[in-house]
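K.L.:
One predicted model, sequence on top.
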Amino acid sequence: MSAATPILERLAKSRTRRIAAPHVEGPMRAHLAAELVLQGKRPVLVGQDLADAEGLYRDLAFLLGLTDEVAADHGLLFFGADDKSPYEERSPDSRAVMERLNTLYTLHKEPGSVRALVVAPHALVRRHVPPSLFARAGDYVMVGEEIDRAALVRRLVEGGYNQVNTVEDPGTFSVRGGIIDVFSPHRSQPVRLDLFGDEVESIKHFDPTSQRNTADAEDALFLPAREIAYSSGVAERAIEAVEKMAEEALIPTRKLHAVLEDIRNEIQFFGIEALLPLFHEEGLVGADAYLPRDDKTIYLIEDEGQLATLSEDMGTEARMAYERATSHHGLAVPPELHLADADEVFAAATKDVPVVSMPQVVVGEQDTVTVKYQSTEEIRAEILRATRAQDEEQDILHPLVHRLRSWRGDGLTTLIVCGTRGQAERVKALLEPKKLQVRLLDGRFSLEDFMARGNPPQKARLRDRTVHAYLVLGEITQGYLLRSADLAVVSEEDIFGQRVKRGRRRATTGEKLSDLADLAPGDFVVHVDYGIGQYKGMTKLAVNGVDSDYLHIEYKGQDKLYLPVHRLRLISKYTVGADGRSPALDKLGGTTWASTKRKVKDTLLKMASELLRLYAMRSSVEGQAFPAPDETYRQFEAEFAFEPTPDQQKAVEQVLVDLQKATPMDRLICGDVGYGKTEVAMRAAMMAVLAKKQVAVLVPTTVLAAQHYAVFQERFKNYPARFALVSRFQTAAEIKDTLAELAEGKIDVIIGTHRLLNKDVTFKELGLLVIDEEHRFGVSHKERLKKYRAHVHVLSMSATPIPRTLHMGFMGVRDMSMIATPPLDRLAVKTEVHKFDEDTIRDAMLREIRRGGQCFVVHNRVASIGSMAKFLERLVPEARIGVGHGQMNEEQLEKVMVDFMEKRTNVLLSTTIIESGIDISNANTILINRADQLGLAQLYQLKGRVGRGKTRGFAYFLIPPGNMTKKARQRIGVLQKFTELGAGYQVASKDLEIRGAGNILGKQQSGSIAQVGFEMYQALLQEAIAELKGSARKSLREPEVQVPLPAFIPDAYIPAPGERLSFYQRLNNADTDEAAYDILQEITELYGNPPGEVENLVQLMLVKQRLWRIGAIGMDYGAATKAMPPRIVVRFDPDQTQVTPDQIVAYVQRHPRSRKLTPEGKLLLHLVPFEDDREILAQAKELVGELAKDKALTRS
């Protein structure tokens, strides 16, 4: 029987239409709501707080068979609101604002499409934009409709959309000729309008990551992206209201000037949301203006009394903030215009509408109904007790296995809900050896299918009585058992403990930028043949009467080189990292560049030769092979609180394979701090412990030793492994006792600094050595490490990433694993931009301290850091502050850091020295003063210090108060975009990678990188390794193609130079027809039908592609003469091609009429007469293609 049926029956009998269902908690509330949906009702669930509401939304989406990313498209809405004071000068969460606008619009305009609504309680306290906003700021377009393009663009800007080059995020749009891309908050995908004149010829959805079209649409709706839309008369009314308010509050005119100027210019300025009520003629409205109240609606809430308490708390805080603002003559709107009484709002919304409360305690006389269900949370407690027991014979999964068998015997269907397919496979691998039937369900689970009447196929697949458990993909906060529905649900947390949940909002992901996409005039480039020059810009030149784009590059002595865009493979951007100085320019045609390349190649040959020697030597040594992973290891693996990234999983698999070989492992893992290297090391350590071997973890500093010790102990807390720490903070007696126990085999894992390399350190049976940041150890330490490498498995870690191309260059020479993808949780740090304000700083620090956490405060000026410490001590007396900076000696700084790690201080005030090498999971708030003066790479790494554990991280970018210059405003715009960690991450990561490569390769190789640039260095490295391995090919000259056809991308078609350069580079690198045509299709979708010049360019690239395959160095066109038809001439270089004159002669003899061989060794291929010059490239492509396919002429 449905669990919702008794509730509906009791509501039908209730006189007040208000009943209580006591003790219904967790996902059972979502289950009841899902059943109500299936019975044609519209449930409205009110969460206890924002986190609870988000959990309910995820649970309900899972039960309805939806992913939370697209749930809104299928009628499941989330109604959230900010829990912060409306008087804070800060940047709003733009995605939360857009999600709320979508919800409000749908409730107002399309209420019939709403299947269920989840409400955060703060949404009942905050007032919201009036419905009139959607009437004046929304846009609706259809295929075939004629529109005013300029007016549409203007309305999008008025509605708060940002114009960008590439549409990737909600609330953005771009215009490229007749193509308009818009990402409305109303949909999970953006749309692309293709206009012919003013007529909308087509509307297509497209993927914001790939930018490729996905589906046709007949119409599109563009909702406002901000809560303020500057439509007709709005700015004038707001100015009038601000001036009136300022006059009443005696606010000086100079304070008003900047605000009034921004409103007059219709700018969505920083902190404008504080004045939100003034931009709406009828003011803001309570949530009850939108909430549904028809006969299908039923409200579910834990306790209505919570709303009055929340209203009182938020109202008190708002009144205090308002009084502070007005006492300082600040612009502030009275609290009652921002906030409502939530209990009154709820009462108005639920008048004559059924309400089901789910209290813990029933007070007074109430109609009650009992919902019989059980929680599954005790499974985890029993698994933990079994895991911690020393008894090796005990089955740690017995509590779960026992229940699965029992539930199947009782006729229940059991679901085990896993976040990813990888986790589902791990669970399957753990359960199948227990002789359990476990089935991974294709597609998503849907309660509607499961509870369908009769026995349709969707239901039958979940009712196989031989199956003990179905593994289903999704997320649910906790498991539950509902016998009335024959259903048991087990969450990952029930088995493996708390896991970090991914945020509900779309992640901004995408491929890294082409290295030439951001090339700007003034940047340095490296030409394969001519060396380092300075890029001056792209210019159009007519050569032999044919227009084309050329890159203007200047060399020493102002010598100029004009490089055709179809030869971009000859250059790369010169990069050595953010700290690199400008390089010296080479002389065009001089000998210095060739000499420099030769010297760098010689150092690379020497380095690669030594690596190959060590690689071969290690392969011949007999080491210790560990047993294959067993059930205990798999349980340990599955308890990881995060979902491993693909790179991280691959690194784990590579390490496991290495450990099971008799040859000693020597693997390097590269990746940014927080990307999961330590987890890989801990899994390797678990393999060693299970093999009854000891593990040594060697780190360069006392701070890192303490960090690793804490992290390893926490990760292994459910297992009986024994740990020890050796560093300068232990006494001599403590170290002596530790080393004695180590020699006796009483310690499984020892963690320490270089002290572990002393001769008095002996192991009973060392099996694994983990080295963190090996490049930071001295020469003598590295010599000692070489001895370990001869017989012990060694795993090294580097905390800076390296480029994937460099990693590939080391294949077969050095075992390396790359972890280059950031974990999903890294993207979930809540980032806000605030003006420097005492209230903001105090609130942020106290929020963290009161939840038992710690804070970083970054102040990047040593001269005034003492004054900042005194300011914070006065402002937040609850804080215990430690101060650290780079001018302190090493021992002082270490003590400050260790005090912070061991929680003797709860605030660390420092310069940017914390941007790397510190990992404190309890520190989850960072405040960065003068964030506008730091680079993106620094901000990215500083932000990465928080949000590393199971607690949400907060990053506050603080900027100066008062009026800002135009440049400062632009910097703030960059910071606000950076809060999404999209393009900002891509820019920052490039610098981090190059810095990481220098760390791994050493000082000499870093010097080589500076001499030739990073991309050229990588190419030379690959050449050196190939030579030593005997697989080197001669480097091929770039083929030259001379045809009388314009082949370029007109700037009228793609105006942005960076976009043109990116497509030029991608077309140059396309090595198949399919790849080239795919790029052409992408260009067409983005910019409309391409002009003939672009089609010529693609055909030219396809001809060059074929010339590459045969090792030709060029192709020229010869016009028809009286004596000879039109022809193409293919040129060869004896040093490059593998085609012999005899082979060419044999080929010509097979086509004597149309193929000729000149005395100079050139191949003449006659063309069929034509009228359209475009036939030159079309025929050339076919003829050169014949050469490429002819086995006699294809290079081996």
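P.N.:
Received the coordinates, thanks.

K.L.:
Quick check: Lys835 vs Arg1066, distance?
P.N.:
42 Å (CB to CB, to the nearest Å). C-beta: built from backbone N, CA, C; applies to glycine.

K.L.:
err, Leu284, not the other one
P.N.:
48 Å.

K.L.:
repeat for Val153
P.N.:
Computed as CB to CB, the Val153 to Arg1066 distance reads 28 Å.

K.L.:
More neighbours: which of those two?
P.N.:
Arg1066 (20 against 16; other CB atoms under 10 Å).

K.L.:
Please tell me I have it right and that one contacts Leu1080.
P.N.:
No: counting by CB atoms under 8 Å, Arg1066 does not reach Leu1080; the two are 10.5 Å apart.

K.L.:
Please enumerate the shared neighbours of those two.
P.N.:
Contact criterion CB atoms under 8 Å, 6 or more residues apart in numbering; residues shared by Arg1066 and Leu1080: none found.

K.L.:
Quick one: list the elements packing against the lengthiest helix in the chain.
P.N.:
Ordering each helix of the chain by length in residues (DSSP state H) puts helix 592-619 first. When contacts are defined as 3 or more CB pairs under 8 Å, 6 or more residues apart in numbering; DSSP states H and E, helix 592-619 sits against strand 531-543, helix 1003-1012, helix 1014-1028.

K.L.:
Indicate which one of these is closest to Leu561.
P.N.:
strand 531-543 (6.5 Å; CB to CB).

K.L.:
Can you name the element that comes right after the closest one?
P.N.:
Under the assignment DSSP states H and E, the closest C-terminal helix or strand after strand 531-543 is strand 546-554.

K.L.:
So for that following strand, what gets flagged as buried?
P.N.:
By neighbour count on 16 or more other CB atoms under 10 Å, the buried set for strand 546-554 is 548-553.

K.L.:
Show me what it is packed up against.
P.N.:
Using 3+ CB pairs under 8 Å, 6+ apart, the elements in contact with strand 546-554 are strand 524-527, strand 531-543, strand 560-564.

K.L.:
got the contact list for Arg226?
P.N.:
94, 97, 159-160, 171, 268.

K.L.:
now with 10 Å?
P.N.:
Arg226 makes contacts with 92, 94, 97-98, 101, 129, 133, 137, 158-162, 171, 185, 268, 272-273, 276, 279, as judged by CB atoms under 10 Å, 6 or more residues apart in numbering.

K.L.:
Tell me how far it lies from Pro185.
P.N.:
In terms of CB to CB, Arg226 sits 10 Å off from Pro185.

K.L.:
Please enumerate the shared neighbours of those two.
P.N.:
Common contact partners of Arg226 and Pro185 (CB under 10 Å, 6+ apart): 94, 97-98, 101, 160-161, 171.

K.L.:
tell me the phi and psi of Leu668?
P.N.:
phi -110, psi 130 (degrees, to the nearest 10).

K.L.:
List the beta-bridge partners for it.
P.N.:
Beta-bridge pairing of Leu668 under DSSP bridges involves Ser796, Met816.

K.L.:
Counting neighbours, what do you get for it?
P.N.:
Neighbours around Leu668, by other CB under 10 Å: 20.

K.L.:
before we move on, what about Val363?
P.N.:
Neighbour tally, Val363, other CB under 10 Å: 9.

K.L.:
Can you tell me the SS state at it?
P.N.:
Per DSSP: H, G, I helix; E, B strand; the rest coil, the secondary structure class of Val363 is coil.

K.L.:
contacting residues around it?
P.N.:
20, 303, 305.

K.L.:
Could you check how far it is from Glu302?
P.N.:
Distance from Val363 to Glu302, by CB to CB: 13 Å.

K.L.:
same question, Glu146
P.N.:
Taken as CB to CB, the span from Glu146 to Glu302 is 53 Å.

K.L.:
So between the two, which is more surrounded?
P.N.:
Set side by side, Glu146 and Glu302 show more neighbours around Glu302, with 19 against 10, by other CB under 10 Å.

K.L.:
from what I can see that one touches Glu25, true?
P.N.:
Yes: between Glu302 and Glu25 there is a contact at 8.2 Å, judged by CB atoms under 10 Å.

K.L.:
what do the two both touch?
P.N.:
Once CB under 10 Å, 6+ apart is applied, the residues that Glu302 and Glu25 both contact turn out to be 358, 360.

K.L.:
would you say Pro1090 is within a helix?
P.N.:
No: Pro1090 is assigned coil when assessed by three-state DSSP, not a helix.

K.L.:
Run through the residues that contact it.
P.N.:
Here Pro1090 is in contact with 1049-1050, 1053-1054, 1080, 1083-1084, 1096-1098 (criterion: CB under 10 Å, 6+ apart).

K.L.:
if we can go back for a sec, among the contacts of Arg226, which are in helices?
P.N.:
94, 97-98, 101, 133, 137, 158.

K.L.:
Pick the one among the residues you listed closest to Arg461.
P.N.:
Looking across the ones in helices among the contacts of Arg226 and measuring by CB to CB, the closest to Arg461 is Met98, at 37.5 Å.

K.L.:
what number of residues lie near the closest one?
P.N.:
Neighbours of Met98 under the rule other CB under 10 Å: 24.

K.L.:
If you count contacts, what does the helix or strand Asp494 falls within end up packed against?
P.N.:
Using DSSP H and E, Asp494 sits within helix 492-496. Judged by 3 or more CB pairs under 10 Å, 6 or more residues apart in numbering; DSSP states H and E, helix 492-496 is in contact with helix 378-388, helix 398-409, strand 413-418, helix 421-431, helix 631-638.

K.L.:
Identify whichever of those lies nearest to Asn544.
P.N.:
Using CB to CB, the helices and strands packed on helix 492-496 put helix 421-431 closest to Asn544, at 57.6 Å.

K.L.:
Run the angle between the closest one and helix 398-409 for me.
P.N.:
90 degrees (axes from the mean of the first three to the mean of the last three CA atoms, to 10 degrees).

K.L.:
Please identify the buried residues of helix 421-431?
P.N.:
So for helix 421-431, counting by 16+ other CB under 10 Å, buried means 423-424, 426-428, 430-431.

K.L.:
One more: stretch 855-874?
P.N.:
Applying 16+ other CB under 10 Å to stretch 855-874 flags 855-860, 865, 868-869, 872 as buried.

K.L.:
Nearest residue to Gly767 in space, ignoring adjacent ones along the chain?
P.N.:
Nearest residue to Gly767, sequence neighbours excluded (CB to CB, 6 or more residues apart in numbering): Lys693, at 2.5 Å.
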